[in-house]
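Undergrad: sequence first, predicted model second:
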Amino acid sequence: MSTARNADPAEVARFDAAASRWWDPAGEFRPLHELNPLRLEYLEQRVGLAGRRVLDVGCGGGLLAEGMVRRGARVTGIDLAPAAIDVARLHAIESGLHVDYRLASAEELVRAEPGAFDLVTCLELLEHVPDPAALVATLARLVRPGGDVVCATLNRSLRSFALAIVGAEYLLRLLPAGTHQYARMIRPAELARWGRAAGLELADVSGLHYDPLARSARLDQDPSVNYLALLRRLPLPAAR
């Protein structure tokens with residue numbers, strides 16, 4: 001299997017350029033700061049974090065990774081944006097936390113540590129890579145049999161286009177214009193199909209709703225815009 005990086009250089013460069021602002025709760029990453037407690041709550045409730053070895057793929061400046069460490073997980077964070085990894089490392093030091101940050105791709109890591117993690121998280125990344133199905137297959141190879149993969153992404157729907165692109169990027173200017181491309185958004189059925197092909201079973205899909213005016217977020221059963229998906233790697237067949 002090829003270990004070529006499944007990445008869009010323009011996307012990597014864009015996030016790299018914004019890395020110094022990652023921990024500014026009033027800046028362009030404000031939505032992530034306000035969604036992060038709910039994402040952590042989802043992980044805690046659905047799979048648990050204490051004592052688990054976790055890989056955060058596309059960790060950026062470390063917002064989710066640090067939250068998981070505070071809840072007792074042993075976390076490795078990987079990203080292809082050098083400045084983001086630098087920011088993540090410095091912030092962890094300042095926070096007195098240990099996170100194993102690496103400038104690496106999932107494809108590179110799976111060659112060295114296949115099946116090494118209890119939980120793999122991949123939040124807000126699938127819609128930014130050239131081949132999301134291939135990334136899902138790589139995530140499946142990184143988690144141990146019986147382990148969990150949690151993804152967060154945007155549904156490809158008219159409602160998502162109206163709220164996540166027109167509303168968030170062009171009207172409210174919560175995100176830079178061009179952050180999301182409608183054609184790259186992913187329907188839950190597509191994610192489930194890619195997961196099945198990679199040996200992952202879809203266990204849960206939950207809608208993740210963000211109100212930028214009220215600065216609040218909630219989880220429910222409507223995945224028409226943002227959603228979280230829990231996929232579980234099927235255990236190995238019992239020896240006969």
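TA: Thanks, I have the structure now. Numbers count the residues shown, from 1 in each chain.

Undergrad: which stretches of the protein have low pLDDT?
TA: By pLDDT under 70, the low-scoring segments of the chain are 1-4, 161, 163-178, 237-240.

Undergrad: for the residue nearest the centre of the chain, list the residues it contacts.
TA: The residue lying closest to the centre of the chain (CA atoms, centre = their mean) is residue 123, at 1.3 Å. Neighbour list for residue 123: 39, 56, 58, 64, 150-152 [criterion: CB atoms under 8 Å, 6 or more residues apart in numbering]. (Glycine included, C-beta is placed from N, CA and C.)

Undergrad: where neighbours are concerned, which of the residues you listed has the most?
TA: Tallying neighbours with other CB atoms under 10 Å puts residue 56 at the head of these, with 30 neighbours.

Undergrad: so is that residue in a helix, a strand, or just coil?
TA: What DSSP: H, G, I helix; E, B strand; the rest coil gives for residue 56 is strand.

Undergrad: tell me the contacts of it?
TA: So residue 56 contacts 64-65, 68, 75-78, 121-123 (CB under 8 Å, 6+ apart).

Undergrad: one more time with 6 Å
TA: Neighbour list for residue 56: 64-65, 77, 121 [criterion: CB atoms under 6 Å, 6 or more residues apart in numbering].

Undergrad: want to throw these into TSV with secondary structure?
TA: Formatted as TSV, those follow (three-state DSSP):
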residue	secondary structure
64	helix
65	helix
77	strand
121	strand
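
Undergrad: what about the helices in this protein?
TA: Ranges of helices in the chain, per DSSP state H, are 9-17, 30-46, 63-70, 82-95, 106-112, 132-142, 158-160, 188-197.

Undergrad: quick check: which of the ones you listed is nearest to residue 214?
TA: Residue 214 lies closest, by CB to CB, to one member of these: helix 30-46, at 9.9 Å.

Undergrad: ok, back up a step: residue 205: which of the helices of the chain is closest?
TA: helix 188-197 (5.1 Å).

Undergrad: now tell me what touches that closest one from outside.
TA: Residues outside helix 188-197 that contact it (CB under 6 Å, 6+ apart) are 133, 136, 202, 205, 223, 229, 231.

Undergrad: just to revisit the earlier point, as CSV, the helices of the chain with distance to residue 179 would be great.
TA: Formatted as CSV, the helices of the chain follow (distance: least, CB to CB, whole Å):
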stretch, distance to residue 179
helix 9-17, 8
helix 30-46, 10
helix 63-70, 16
helix 82-95, 15
helix 106-112, 21
helix 132-142, 16
helix 158-160, 13
helix 188-197, 20
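
Undergrad: do you know which of those helices lies nearest residue 219?
TA: helix 30-46 (6.2 Å).

Undergrad: done for today, thanks.
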